[in-house]
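Asker: Structure here, sequence nowhere to be found:
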């Protein structure tokens, strides 16, 4: 039984582990109490994620007493962050694998007691390739594709480079081979993920870049939608913007985390850009693709953030009018440069600012949503809604799975099924979701 916590990138590592295990003598079970082996792939991006990971590990350790579990393995970012020190903190765990060691999962499970060290944690170097077995755990018609691993930026708030290592891009032929295999299994939508998608190819000697990769993926028959996530704003290659503008399969959507808009905050965060610089980047993107939907994220309450800094951020939000925004309250993470900065913002102030920002964004989002009412659009049907299984849920091309809103199908005909592309008439809207009726 495997539990995967955290982001889609971590989920992909879990899918590779499941693929490797399925090539051996193991069978996956849905109930951890029935499992002989339990694997927990952890997250440790911020403190709440670490706490959730520890709680999950301890909960699964209970199955050693009450269930069939003979071996408990913990993998992922929490292991990479804390290393062998976890051996004393979590004696219930038999093996720990860091973020660059998850490919060892089958060797660890085959090992007899004492045959392997308890911990495999080293500088992350591994990234899976097209030969790695993988089981898509998302919807049958949708999948994530990890195009690179690691990050060469050193943002003051982020611990990811310590957890995932330096940039390691996958060759384009490898990615096209894996994508083709996924499409052969029924996938119609690919979501490209990494720690820094903009930097894709910079470490390769063949001149590959993001635009070339996207165009190569568009040659795959039966692949309908390609969506890009986690694009660092600085250095967006022109080939990327041209590809989005010219290739029908690349949806007009860009996930580009900006984090703030105040000059002092961007400098303190080590983002390497000013508000004016971000505005020029956004203008350039919209010049190439006028109808593009931009998703971004912001951090509020970073050390030293004043009321004036926060008002600059709100003004930026009102001016740019992003269709999709995620926001987070800053967490003082040990091991990051920001953790030692003076003028840490009190928790109640951080929360108040987060609430205010999301209230402003809710109004902006509602305006975007209401403008769609009365229009007709293509949606990808996902299946029964999590809120009400009697209602079918779908998504526009500009709605990424799991992070954006949905289109709830009002009285869908009997022939609507997951994985279909259907035309809908948008009949209603809320701040983040839409209602549509299938046409025809």
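Answerer: Good, I have the coordinates. Predicted model only: the values in this text are computed from it and were never measured.
Asker: can you list contacts of the least confident helix or strand in the chain by mean pLDDT?
Answerer: Counting by mean pLDDT, DSSP states H and E, the chain has its least confident helix or strand at strand 119-120, which shows a mean of 87. Counting contacts by Cβ atoms under 8 Å, 6 or more residues apart in numbering, the residues outside strand 119-120 that touch it are 79, 83-84, 86-87, 95-98, 101, 104, 108. C-betas here are computed from N, CA, C, even on glycine.
Asker: quick one: which of these has the most company?
Answerer: Of all the contacts of strand 119-120, the highest neighbour tally under other Cβ atoms under 10 Å goes to residue 79, namely 30 neighbours.
Asker: Next, give phi and psi for that residue.
Answerer: Its backbone dihedrals place residue 79 at phi -70, psi -40, with angles given as degrees, to the nearest 10.
Asker: do the one 4 residues further on as well
Answerer: According to degrees, to the nearest 10, the main-chain angles of residue 83 amount to phi 60, psi -150.
Asker: pretty sure it contacts residue 123?
Answerer: No: contact status for residue 83 versus residue 123: not in contact, 11.6 Å apart, counting by Cβ atoms under 8 Å.
Asker: how about the strands in the stretch 301-440 of the chain?
Answerer: Along the stretch 301-440 of the chain, counting by DSSP state E, counting those that start in this stretch, strands occupy 324-329, 376-384, 392-396, 407-409, 421-429, 434-438.
Asker: now those as CSV including distance to residue 68 and mean neighbour count?
Answerer: Putting those into CSV (distance: least, Cβ to Cβ, whole Å; neighbours: other Cβ atoms under 10 Å) gives the following:
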stretch, distance to residue 68, mean neighbour count
strand 324-329, 39, 18
strand 376-384, 32, 18
strand 392-396, 36, 23
strand 407-409, 41, 22
strand 421-429, 43, 18
strand 434-438, 45, 21
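Asker: In a markdown table: those strands, plus distance to residue 249 and mean pLDDT.
Answerer: Formatted as a markdown table, these follow (distance: least, Cβ to Cβ, whole Å; pLDDT from 0 to 100):
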| stretch | distance to residue 249 | mean pLDDT |
| --- | --- | --- |
| strand 324-329 | 20 | 95 |
| strand 376-384 | 13 | 95 |
| strand 392-396 | 15 | 95 |
| strand 407-409 | 20 | 94 |
| strand 421-429 | 12 | 95 |
| strand 434-438 | 22 | 94 |
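Asker: what would these look like in TSV with distance to residue 91?
Answerer: Below are these laid out as TSV (distance: least, Cβ to Cβ, whole Å):
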stretch	distance to residue 91
strand 324-329	33
strand 376-384	42
strand 392-396	43
strand 407-409	48
strand 421-429	52
strand 434-438	50
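Asker: which stretch among those strands comes nearest residue 6?
Answerer: Within the strands of the stretch 301-440 of the chain, the stretch nearest residue 6 is strand 324-329; the backing value is 14.2 Å (Cβ to Cβ).
Asker: Parallel or antiparallel, which strands does the closest one pair with?
Answerer: Sheet pairing of strand 324-329 (DSSP bridges) gives strand 293-300 (parallel).
Asker: Tell me the buried residues in the partner strand?
Answerer: Residues of strand 293-300 classed as buried under the neighbour-count rule (16 or more other Cβ atoms under 10 Å) are 293-300.
Asker: Just give the strands next to the least confident helix or strand of the chain in its sheet, each with its orientation.
Answerer: Sheet pairing here is set by DSSP bridges, and for strand 119-120 it gives strand 95-97 (parallel).
Asker: show me where pLDDT drops low in the stretch 301-440 of the chain?
Answerer: Along the stretch 301-440 of the chain, the model assigns pLDDT under 70 to residues 412.
Asker: now the helices for it?
Answerer: Listed in chain order, the helices of the stretch 301-440 of the chain (DSSP state H, counting those that start in this stretch) span 307-320, 347-370.
Asker: ditto for the stretch 151-300 of the chain
Answerer: Remark: helices assigned in the stretch 151-300 of the chain by DSSP H, counting those that start in this stretch are 160-164, 172-184, 210-217, 238-246, 263-268, 275-288.
Asker: Which among these is found nearest to residue 256?
Answerer: When the helices of the stretch 151-300 of the chain are compared by Cβ to Cβ, helix 275-288 sits nearest residue 256, at 7.7 Å.
Asker: quick one: the closest one to chain centroid distance?
Answerer: Here the centre of helix 275-288 is set off from its chain's centre by 23 Å, with Cα atoms, centre = their mean, to the nearest Å.
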